[in-house]
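Asks: give me a 3D structure for the following:
(2 chains)
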Amino acid sequence: MKEDIAGLIDSALTRLQATGQLSEDAQWSVSLDRTRDKAHGDLASNIALTLAKGAGLKPRELAQLICDALPASSLLDRTEIAGPGFINFFLTAASNQAIVATILDQGAAFGRNHSGQGRKVQVEFVSANPTGPLHVGHGRGAAVGDSLCRLLQATGWEVSSEFYYNDAGAQINNLALSVQARCLGVQPGDAAWPEDGYRGEYIAELAEAFLRKETIEAQDRVVASSGDANNLEDVRAFAVAYLRREQDLDLKAFDVDFDVYFLESALYESGAVEHTVQRLNANGHCYEKDGAMWLRTTDFGDDKDRVMRKRDGGYTYFLPDVAYHLNKWERGFERVINEQGADHHSTVTRVRAGLQALEQGIPKGWPDYVLHQMVTVMRDGQEVKLSKRAGSYVTLRDLIDEVGCDATRYFLVARAPNSQLTFDIDLALSQSNDNPVYYIQYAHARACSVMRKLDEHGWQWHPEEALTQLDRLEQEHETALLRRLDRYPEVVANAASASEPHTLANYLRDLASDFHTWYNGHKMLVDDPALRNARVALSQAVRQVVANGLDLLGVSAPTEM
RNA sequence: GGGGGUAUAGCUCAGUUGGAUAGAGCAACGGCCUUCUAAGCCGUAGGUCGAGGGUUCGAAUCCUUCUGCCCCCGCCA
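Replies: Here you go, the predicted model:
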């Protein structure tokens, strides 16, 4: 639709060039905006404003010339020149109504496109180390990352989702020591409790399971406990498997899964870390200082150089990070999106710098990052800071158990990643019009309910006939709804390319609102068969778009509530 | 001190990538259920878009300075 109108403007301008009213070397790219105010028509262009100066004309005069030169089109009802020189386009009712046919025809495919052209993209998200249950921040990462995957898939990319975790570093050692202490009856606060030990209740549960010699099956491993608390290696292996399984279950309850689980330890085993060091060294970007080996990341935009190999001979996390991303590049992902908490933002420049230092032809701004800000959980107007099991933070599981998967996902994905998020438990729980999740789902359920009622009346809906009767959709509320539906493909495309799933959440809320307004004001199941057919068709089109959109957010679309 | 993010209605937040009179929801107030689900709808009220300067036909949006809040600045991840 938009392209069609843009094409008309284009030919008008070319015509003006031919008649000499516009200079031969004038250049333009037609921008068309959907209008905010329906008094301004359906689409508006500022083309006359941008070209007026070069043409030596007043914007409104040029606008008039363009309008006069527009080719005739059945799409266009009329044009108006408004304000400083905008051209407003009023579409014919028929061209607005046609969207219903498109939606019913394309069904679940409506809104999807092929702009990704099957190119490979990887989305890495959550990537929590197995040292405890997932917290709300991981939940935000999971909701945003998973929705991003769905959006990229919907726009023609070949998507691989990945979870990276460290199963061997200092934090894991700390975990093992904490579990071991619990096994030996030592509690947080005791003199023998390890420094910086994990104090949560789950450590005690883990210790008990270890002593009971349980066998743990996680997504990527099976580990049987030896029950020997003196063997720290046994404890470590068991603890990692135990917490991996717990995180798996949390993610499953959140309806999120991953194509690949990638272990940091694998980078050591395969020699990738060593290879990366050699490569950086060979390129002359390293130096020794204070007994450590440094990478001169300042050569690549970092604000200070970074240690790669510690004084004790071990590597910092930075080096495996670089090796890991090199590995991603070698796997052929021309696009990689890392979804992480904003507290990791300092790694962005560092990793990119490390990749540049490899001199492998990796693009400067690669990979992409989506960083989400902190989540605050509120209940009864008070900030909730702790969960009993985790000790120091609110777990994702707490939220899912309390408000459900749908509401949790929606709330965590409905805000711009880059803004701090307040998760209001009372709001997420409320089954009222306060709650946008139910508001949107209710729109879907209502449309389904209409079909059931239709059946109860003994009526049939005739889709093919309906498509010839769409001209009966002439109410103002119906026009608004049609215009809204028409926007959906652009919303999906934009949410995917800008990595902003929240814009889709907002759209769905607006769509639901338009639908409820219409539903409340106009009866669908009227006696007039043509009108009834047309309205049911519109209702079904809305149902389809709501279902398609919710699916991209990972939220269910119930048929009744 | 340095870096990043952010600041929009009393509250939670949008704002179609620079467009026309800045929008929703909640909270407040007033209406609508013998009619397809009231988990809904309609109306009223609410603003110096943190502050100053700049860029241009046009700025909440871009640049700059300042202020507040959040995050990071480890040979932890």
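Asks: so where's the stretch 301-450 of chain A uncertain?
Replies: Where the stretch 301-450 of chain A drops to pLDDT under 70, the residues are A:431-434.
Asks: show me where pLDDT drops low in chain A?
Replies: A:431-434.
Asks: nearest residue to the middle of it?
Replies: A:Leu148 (3.3 Å; C-alpha atoms, centre = their mean).
Asks: isn't that residue right next to A:Glu500, touching?
Replies: No. Assessed by C-beta atoms under 8 Å, A:Leu148 is found out of contact with A:Glu500, at 9.1 Å. The C-beta positions use only the backbone N, C-alpha and C, and glycine is treated the same way.
Asks: nearest residue to A:Met561 other than its sequence neighbours?
Replies: Distance criterion C-beta to C-beta, 6 or more residues apart in numbering; nearest residue to A:Met561, sequence neighbours excluded, is A:Ala445 at 4.5 Å.
Asks: same for the host helix or strand of A:Val273, what does it pack against?
Replies: In the assignment (DSSP states H and E), A:Val273 maps to helix A:272-282. Secondary-structure packing of helix A:272-282 (3 or more C-beta pairs under 8 Å, 6 or more residues apart in numbering; DSSP states H and E): helix A:264-269, strand A:306-309, helix A:318-330.
Asks: switch to 7 Å and redo it
Replies: helix A:318-330 (3 or more C-beta pairs under 7 Å, 6 or more residues apart in numbering; DSSP states H and E).
Asks: pull the number of nearby residues for A:Ser419.
Replies: As a burial measure, A:Ser419 scores 10 neighbours (other C-beta atoms under 10 Å).
Asks: can I take it that it is in a strand?
Replies: No. Counting by DSSP: H, G, I helix; E, B strand; the rest coil, A:Ser419 is not part of a strand but coil.
Asks: residues contacting it?
Replies: Neighbouring residues of A:Ser419 by C-beta atoms under 7 Å, 6 or more residues apart in numbering: A:Gln373.
Asks: and what of A:Leu481?
Replies: Per C-beta under 7 Å, 6+ apart, neighbours of A:Leu481: A:514-515, A:518, A:538, A:542.
Asks: check A:Ala176 too.
Replies: A:Ala176 neighbours (C-beta under 7 Å, 6+ apart): A:232, A:235-236, A:239.
Asks: for the helix holding A:Val273, buried residues please.
Replies: Using 16 or more other C-beta atoms under 10 Å as the test for burial, helix A:272-282 gives A:272-273, A:276-277, A:279-280.
Asks: mind listing what's buried in the helix or strand that comes right after that helix?
Replies: Using DSSP H and E, the next helix or strand after helix A:272-282 towards the C-terminus is strand A:286-289. Buried positions in strand A:286-289, judged by neighbour count with 16+ other C-beta under 10 Å: A:Cys286.
Asks: what helices and strands are in contact with strand A:286-289?
Replies: With contacts defined as 3+ C-beta pairs under 7 Å, 6+ apart, strand A:286-289 has these neighbours: strand A:292-295.
Asks: ok, the strand it packs on: who's next to it in the sheet?
Replies: strand A:286-289 (antiparallel), strand A:306-309 (antiparallel) (DSSP bridges).
Asks: sorry, back to before: tell me the one of the buried residues of helix A:272-282 nearest RNA strand B?
Replies: A:Val273 (11.5 Å; C-beta to the nearest atom of the strand).
Asks: chain neighbours aside, what residue packs nearest to the residue nearest to the centre of chain A?
Replies: Nearest residue to A:Leu148, sequence neighbours excluded (C-beta to C-beta, 6+ apart): A:Val123, at 5.5 Å.
Asks: same question, A:Ala94
Replies: A:Asp471 is the one closest to A:Ala94 (C-beta to C-beta, 6+ apart), at 6.7 Å.
Asks: which residues touch the one you found?
Replies: Here A:Asp471 is in contact with A:93-94, A:97 (criterion: C-beta under 7 Å, 6+ apart).
Asks: quick one: the residues you listed as a markdown table, columns for secondary structure too.
Replies: A markdown table is the format used below for those (three-state DSSP):
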| residue | secondary structure |
| --- | --- |
| A:Ala93 | helix |
| A:Ala94 | helix |
| A:Gln97 | helix |
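Asks: buried ones from those, can you make that a ChimeraX selection?
Replies: A single ChimeraX command is used to select the members of the contacts of A:Asp471 judged buried by 16+ other C-beta under 10 Å:
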select /A:93,97
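Asks: what subset of the contacts of A:Asp471 is also close to RNA strand B?
Replies: When C-beta under 7 Å from any atom of the strand is applied, no member of the contacts of A:Asp471 is adjacent to RNA strand B.
Asks: so which of the contacts of A:Asp471 comes closest to A:Cys286?
Replies: A:Gln97 (66.1 Å; C-beta to C-beta).
Asks: could you count how many residues lie near A:Tyr165?
Replies: A:Tyr165: 23 neighbours (other C-beta under 10 Å).
Asks: next one: the one 4 residues further on
Replies: Residue neighbour count, defined by other C-beta under 10 Å, stands at 19 for A:Gly169.
Asks: identify the residue nearest it in space, chain neighbours excluded?
Replies: Using C-beta to C-beta, 6+ apart and skipping residues adjacent in sequence, the residue nearest A:Gly169 is A:Tyr317, 6.7 Å away.
Asks: okay, the contacts of A:Leu481 in CSV with secondary structure, distance to RNA strand B and neighbour count next?
Replies: Conversion of the contacts of A:Leu481 to CSV gives the following (DSSP: H, G, I helix; E, B strand; the rest coil; distance: C-beta to the nearest atom of the strand, whole Å; neighbours: other C-beta atoms under 10 Å):
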residue, secondary structure, distance to RNA strand B, neighbour count
A:Asp514, helix, 8, 20
A:Phe515, helix, 8, 27
A:Trp518, helix, 8, 22
A:Leu538, helix, 12, 27
A:Val542, helix, 13, 26
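Asks: export the residues you listed to CSV and tack on distance to A:Ala495?
Replies: Listed next are the contacts of A:Leu481 as CSV, based on distance: C-beta to C-beta, whole Å:
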residue, distance to A:Ala495
A:Asp514, 19
A:Phe515, 20
A:Trp518, 24
A:Leu538, 24
A:Val542, 19
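Asks: that older thread, residues contacting the residue nearest to A:Met561?
Replies: By C-beta under 7 Å, 6+ apart, the contact list for A:Ala445 reads A:558-561.
Asks: what is the burial count for the residue lying closest to A:Arg245 once chain neighbours are set aside?
Replies: Residue nearest to A:Arg245 in three dimensions, not counting chain neighbours: A:Ala218, with 4.0 Å by C-beta to C-beta, 6+ apart. When neighbours are defined as other C-beta under 10 Å, A:Ala218 has 19 of them.
Asks: let me see the contact set for A:Ala218.
Replies: Shown in contact with A:Ala218 (C-beta under 7 Å, 6+ apart): A:241, A:244-245, A:248.
Asks: need the residues of the stretch 151-300 of chain A near RNA strand B, please.
Replies: A:166, A:169-171, A:264, A:289-292.
Asks: got a quick ChimeraX command for the buried subset of the residues you listed?
Replies: What follows is the ChimeraX syntax for the buried subset of these, where burial is set by 16+ other C-beta under 10 Å:
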select /A:166,169,171,264
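Asks: could you dump the residues of the stretch 151-300 of chain A next to RNA strand B to CSV with distance to A:Glu490?
Replies: Shown next, in CSV, are those (distance: C-beta to C-beta, whole Å):
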residue, distance to A:Glu490
A:Asn166, 40
A:Gly169, 44
A:Ala170, 47
A:Gln171, 44
A:Glu264, 40
A:Lys289, 53
A:Asp290, 55
A:Gly291, 57
A:Ala292, 52
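Asks: quick one, domains of chain A?
Replies: Structural domains of chain A, as assigned by automatic domain parsing, span the residue ranges A:2-91, A:97-113+A:433-553.
Asks: out of these, nearest to A:Asp380?
Replies: Nearest of the domains of chain A (C-beta to C-beta): domain A:97-113+A:433-553, 15.1 Å.
Asks: what's the end-to-end length of the closest one?
Replies: 27 Å (C-alpha to C-alpha, to the nearest Å).
Asks: so how far is it off the chain centroid?
Replies: 23 Å (C-alpha atoms, centre = their mean, to the nearest Å).
Asks: so where do the helices sit in the stretch 451-561 of chain A?
Replies: For the stretch 451-561 of chain A, the helices defined by DSSP state H, counting those that start in this stretch cover A:463-468, A:476-497, A:502-521, A:529-553.
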